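[1] Have a look; sequence and predicted model below, questions after that.
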Amino acid sequence: MVRALEGEGVGGEGATCLQLRHAAPSQQQPKLHARELAARTDATQRDVGQRKTLWAFIRKEQLGFKFRRQHPVDRYSLDFYCAEAKLCIEVDGEQHALRAKRDDARDQALAGYGIFTLRIPSLDLFTYDSQAMNRWLRKISALCEERSGRQAFPD
């Protein structure tokens, strides 16, 4: 819906308009119940904590490669990105099981830029000293070496 600002005409030279966006009531998101909202908030905070856990291990070139957090590519924000290896790391929470098609489309769009996406289930990063975390760190390091064509720590 476009409405003219008060006191100004529409369509004439020098006229300005203000765009107002209103969603029809049927298009508005339904209000979440308190329990659903709390569950969503808890899951989001858990995912953020697990991203921080991974970041603690890959930041400052600890794996021999530089990573960036929340790196923008096209219309996407990548959780972690290594430019040298063109490697995107996404930490997927529980909600991603419901968004598989959307995630696949995103991965294909990034592949168009030559970027490979590694998806890590957030539950695998739940504890600092988990075997799963170590497996993922080895996988990340191996992918960086393979994709960049160099060793992480040359002799």
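    Arrived safely, thanks for sending.
[2] tell me the mean pLDDT for stretch 57-65?
    The predicted model assigns stretch 57-65 a mean pLDDT of 96.
[3] distance between the ends of it?
    11 Å (CA to CA, to the nearest Å).
[4] residues in contact with that stretch?
    67, 80, 82, 84-85, 89, 133, 137, 140-141, 144-145, 148, 151-153 (CB atoms under 8 Å, 6 or more residues apart in numbering). (C-beta placed from N, C-alpha, C; glycine too.)
[5] redo that, cut-off 10 Å
    56, 66-69, 80, 82-85, 87, 89, 125, 128, 133-134, 136-138, 140-145, 147-148, 150-154 (CB atoms under 10 Å, 6 or more residues apart in numbering).
[6] Would you indicate which residues of that stretch are buried?
    57-58, 63, 65 (16 or more other CB atoms under 10 Å).
[7] What of stretch 139-146?
    140-141, 143-145.
[8] I would like the residues contacting it, please.
    54, 57-58, 62-67, 80, 82, 84-87, 89, 116, 118, 120, 150-153.
[9] Show only the entries of the residues you listed found in helices.
    In this view, the contacts of stretch 139-146 that belong to helices under DSSP state H are 54, 57-58.
[10] Which member of those is positioned nearest Gly93?
    Of all those, Gly93 sits closest to Leu54, with 12.8 Å by CB to CB.
[11] That closest one: what's it in contact with?
    So Leu54 contacts 67, 69, 79-80, 89, 91, 120, 122, 124-125, 133, 136-137, 140 (CB under 10 Å, 6+ apart).
[12] Could you rerun that using 7 Å?
    Residues near Leu54 by CB atoms under 7 Å, 6 or more residues apart in numbering: 91, 125.
[13] related to what we said a few turns ago, dump the buried residues of stretch 139-146 to a markdown table, plus secondary structure.
    Listed next are the buried residues of stretch 139-146 as a markdown table, based on DSSP: H, G, I helix; E, B strand; the rest coil:
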| residue | secondary structure |
| --- | --- |
| Ile140 | helix |
| Ser141 | helix |
| Leu143 | helix |
| Cys144 | helix |
| Glu145 | helix |
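[14] Now render those residues as TSV, adding pLDDT.
    Shown next, in TSV, are the buried residues of stretch 139-146 (pLDDT from 0 to 100):
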residue	pLDDT
Ile140	98
Ser141	98
Leu143	98
Cys144	98
Glu145	98
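[15] Out of these, which comes closest to Leu110?
    Looking across the buried residues of stretch 139-146 and measuring by CB to CB, the closest to Leu110 is Leu143, at 14.1 Å.
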